[in-house]
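Q: Sequence below, structure please.
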Amino acid sequence: MKALQLRLCIERKGKRMIIKAFLVIACYLIGNISSSILIGRMVAGIDIREHGSGNAGTTNVLRTIGKKAAVATLIGDVLKGVIAVLVGRFFGGENLAMLCGFAAIIGHIWPIIFGFRGGKGIATGIGAVLALSPQLAGICILIGLLIILFTKYVSLAAIIGVCVLPIAAFFLNSQYLFWGLSVALVALIKHRSNIKRLLAGTESKVSLKKKNEQ
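A: Predicted structure coming up:
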């Protein structure tokens, strides 16, 4: 009887692991749905990665296509992170929620359906943090917005905002500390070129002028 119970327990755990792995992969694929690439093709008939900075993200859409397209891109990318976390939480609790949120971020940055050439994961990361902990998200977003307001550097805001995430998690909710460190590390890796340009004083500032609006 004990052997049978152990076997059934192992089988149940195995099934749960398979389901969790499937959900993580599914959320990675959700991350693959690049709003900037799709909107660039539908609105302007271009591959956004071949224009401007070459990044598949909101800032490049703003500079290349216009504000309306940028807002749509931002909303789409944020929603990916929110959806991934909610899916993980619904089916497996907070640990799976973090895994699914991280998978969506990785999917946005390295999307298999777009040749592993995606964005830098900030907007999708914002969505994931919003769904995990609105308090942490609020702190990071507020700091990021203040940096944009005073410096006009979106990249600097993204870098500092994401670095604040694990620090805020350490003081407010250590459950998200390792996750925050992982997100920050990936973001810093993707912003290497921005960091070099910021140090050299050649990084572009964001502009909300209407000259590119379509």
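
Q: quick one: contacts for Lys123?
A: Rather than Lys, residue 123 is Ala. The contact partners of Ala123, by Cβ atoms under 8 Å, 6 or more residues apart in numbering, come to 57-58, 73-74, 77-78, 81, 108. No exception for glycine: its C-beta is placed from N, CA and C like everyone else's.

Q: and if you look at Gly107?
A: 27-32, 80, 118.

Q: Next, format those residues as JSON lines and append pLDDT.
A: Converted to JSON lines, the contacts of Gly107 look like this (pLDDT from 0 to 100):
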{"residue": "Cys27", "pLDDT": "98"}
{"residue": "Tyr28", "pLDDT": "98"}
{"residue": "Leu29", "pLDDT": "98"}
{"residue": "Ile30", "pLDDT": "97"}
{"residue": "Gly31", "pLDDT": "97"}
{"residue": "Asn32", "pLDDT": "97"}
{"residue": "Lys80", "pLDDT": "98"}
{"residue": "Gly118", "pLDDT": "95"}
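
Q: Most neighbours of all those residues, which one?
A: Gly31 (31 neighbours; other Cβ atoms under 10 Å).

Q: what residues go with each domain of the protein?
A: In terms of domains, the chain is parsed into 1-132, 133-206 (source: automatic domain parsing).

Q: which one of those is the most hemmed in?
A: Ranked by mean neighbour count under mean count of other Cβ atoms under 10 Å, the domains of the chain are led by domain 1-132, which reaches a mean of 20.

Q: gap between that domain and the chain center?
A: 7 Å (Cα atoms, centre = their mean, to the nearest Å).

Q: Return the helix or strand in this protein with minimum mean pLDDT.
A: Here the helix or strand of the chain ranked lowest by mean pLDDT, DSSP states H and E is helix 2-31, holding a mean of 80.

Q: Show me what the next helix-or-strand element following it is in contact with.
A: Using DSSP states H and E, the helix or strand that follows helix 2-31 in sequence is helix 35-39. Helix 35-39 is contacted from outside by 47-49, 56-58, 60-61, 65, 69, 72-77, 80, 114, 118-119, using Cβ under 8 Å, 6+ apart.

Q: tell me the average confidence for helix 35-39?
A: For helix 35-39, mean pLDDT rounds to 96.

Q: Inside helices: which ones of the contacts of helix 35-39?
A: Counting by DSSP state H, the members of the contacts of helix 35-39 that fall within helices are 58, 60-61, 69, 72-77, 80.

Q: Which single one of those is nearest to Lys196?
A: Asn60 (17.6 Å; Cβ to Cβ).

Q: quick one: contacts for Ile19?
A: When contacts are taken as Cβ under 8 Å, 6+ apart, Ile19 is in contact with 91-92.

Q: for the protein, which spans come out with low pLDDT?
A: Scanning the chain for pLDDT under 70 picks out the ranges 1-11, 208-214.

Q: change it to 90
A: 1-17, 53, 206-214 (pLDDT under 90).

Q: got the residue ranges for the strands in it?
A: In the chain, no strands are defined using DSSP state E.

Q: leaving aside the residues next to it on the chain, what's closest to Tyr176?
A: Excluding the flanking residues, the one nearest Tyr176 by Cβ to Cβ, 6 or more residues apart in numbering is Ala169, at 4.3 Å.

Q: All set, thanks.
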